[in-house]
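Student: Give me a 3D structure for the following:
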Amino acid sequence: MLTAATPEDNCHSKPLHVLTVSVHCDCHYGRSVADETTSPLRPETFVVTAGRPPRTPDAPLNTPIVPASSFIAGGPMEYAREDAPSAHALEDVIGGLEGGSATVFSSGMAAAGAAMDLVPQGAVIVAPSAAYTGVAVRLRELHAIGRIELRIVEVDRTPDVIDACSGAHVLWLESPTNPLLQVADLPACIDAAHAAGALALVDNTFATPMLQRPLRDGADIVLHSVTKALSGHSDLLMGALVATDPELADRIRSRRVLLGGATSAFDCYLALRGIRTLALRIEQAQASARVVTERLRAHPAVSRVRYPGFGTIAAIEMTGGPDAADTACRHARIWTHATSLGGVESLLERRRRWALESTTVPESLIRLSFGIEHADDLWADLSAALDASLLTGS
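Tutor: Purely as a prediction, here's the structure:
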């Protein structure tokens, strides 16, 4: 278990400095109130203060939406696929939270695809047995056409990860994994990757930088589906890659330019507005997750609870199999039966309803994404739905 992710010693309470590694231009709207102080800021403060315009008379409090694809020549921007004010401000916040330089993309898969595009022909990539479906499917596709060699591991089995890193180019980790909630020993796995001469990439979508900062553990790249908890309102698609090494950060940005995965100004505005409440949303959702998952362990409809003790995502396996899981999902009223996660509303779904989901995921598994509703209401609704699955027997 990562010490950085435990309730007793997590990044939530640790100060951090504003973004110190950056390949961005010094554009007007990329500066923040945080840049004006030499004191380190804790994450709860940083998400509110960073990425704002300078404090000058009559300046807007929020970074404006700049709906422009081209910019007047002579400055550092030129074209929105390379840089834009709205994206720049959001990148300052995400990069500052993770401790590196961020590049935002049009979706989480666009960011993941850009990371895959960094490796040479025939590269060996070590990846989790169960991971985000789009990433897992794409890695298998690249393996099938001979673009990469794919090695699959259980990320919570550290010796297996270490062995698989021999001769690898990239160690691709999720921790916790989606949707099995396996937790990797990040420092040990990252050290093994580096010892083998490989890059270490960590998808930090589930934990978020409020609970875990993989770059501090030595990771080279952090991946986010900004769609999820960072934006937090289920109203946009976006991804991000964060790196500490300036040359690597430049290579990542070039992938956005050449592959065309730029974000819209309006989506950047929405994501920036959403991230302001990240600390509060994670705190509330995590508190509910701890309460509800403990109660779930005693429910007769549940054969297994998967929850690592931190974060806002959990999973349960049903004693009645996939039909019982589908019945429970249909009977939920406060919980919404829908895909995705990390929003203010609580969502649940049986993951194997998706044809492309990994066969390592149990058929009866329901993934739970905790929102910011009251824990007792969430429990009452979920327990009633579980009771219904027992009564119907289907």
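Student: buried set for whatever helix or strand residue 151 lives in?
Tutor: In this structure, residue 151 is located in strand 148-153 according to DSSP states H and E. Neighbour-count burial for strand 148-153, counted by 16 or more other C-beta atoms under 10 Å, picks out 148, 150-153. Glycine gets a C-beta too; all of them are placed from N, C-alpha and C.
Student: same for it, what does it pack against?
Tutor: Secondary-structure packing of strand 148-153 (3 or more C-beta pairs under 8 Å, 6 or more residues apart in numbering; DSSP states H and E): strand 123-128, helix 133-144, helix 158-164.
Student: Now with 10 Å, please.
Tutor: Judged by 3 or more C-beta pairs under 10 Å, 6 or more residues apart in numbering; DSSP states H and E, the packing partners of strand 148-153 are strand 123-128, helix 133-144, helix 158-164, strand 170-174.
Student: Any chance of TSV for the buried residues of strand 148-153, columns pLDDT?
Tutor: Output for those, formatted as TSV (pLDDT from 0 to 100):
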residue	pLDDT
148	98
150	98
151	98
152	98
153	98
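Student: Nearest to residue 350 among those residues?
Tutor: Nearest to residue 350 among these: residue 152, at 22.9 Å, using C-beta to C-beta.
Student: so where is the stretch 251-394 of the chain shaky, pLDDT-wise?
Tutor: Residues of the stretch 251-394 of the chain meeting the criterion pLDDT under 70: 393-394.
Student: what ranges do the helices span in this structure?
Tutor: 43-49, 85-98, 108-116, 133-144, 158-164, 186-195, 246-259, 265-275, 278-296, 321-331, 375-392 (DSSP state H).
Student: got the CA coordinates for the longest one in PDB?
Tutor: In this case it means helix 278-296. C-alpha atoms of helix 278-296 as PDB (Å, rounded to 0.1, in the frame of the first residue of the first chain):
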ATOM      1  CA  LEU A 278     -11.700  19.200  -6.300                       C
ATOM      2  CA  ALA A 279     -10.500  19.100  -2.700                       C
ATOM      3  CA  LEU A 280     -14.000  19.400  -1.200                       C
ATOM      4  CA  ARG A 281     -15.500  16.900  -3.600                       C
ATOM      5  CA  ILE A 282     -12.900  14.300  -3.000                       C
ATOM      6  CA  GLU A 283     -13.200  14.700   0.800                       C
ATOM      7  CA  GLN A 284     -17.000  14.300   0.800                       C
ATOM      8  CA  ALA A 285     -17.000  11.400  -1.700                       C
ATOM      9  CA  GLN A 286     -14.200   9.500   0.000                       C
ATOM     10  CA  ALA A 287     -16.000   9.900   3.400                       C
ATOM     11  CA  SER A 288     -19.100   8.400   1.900                       C
ATOM     12  CA  ALA A 289     -17.200   5.600   0.200                       C
ATOM     13  CA  ARG A 290     -15.700   4.500   3.500                       C
ATOM     14  CA  VAL A 291     -19.000   4.500   5.300                       C
ATOM     15  CA  VAL A 292     -20.900   2.700   2.500                       C
ATOM     16  CA  THR A 293     -18.300   0.100   1.700                       C
ATOM     17  CA  GLU A 294     -18.100  -0.900   5.300                       C
ATOM     18  CA  ARG A 295     -21.800  -1.500   5.400                       C
ATOM     19  CA  LEU A 296     -21.700  -3.400   2.100                       C
END
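Student: hmm, back to that, deepest in the core, which of the helices of the chain is it.
Tutor: helix 85-98 (a mean of 28; mean count of other C-beta atoms under 10 Å).
Student: For it, name the packing helices and strands.
Tutor: helix 43-49, strand 101-105, strand 221-225, strand 239-243, helix 246-259, helix 265-275.
Student: Let me know which of these is the nearest to residue 209.
Tutor: That would be helix 43-49 among the helices and strands packed on helix 85-98, by C-beta to C-beta, at 6.7 Å.
Student: Many thanks, I have nothing further to ask.
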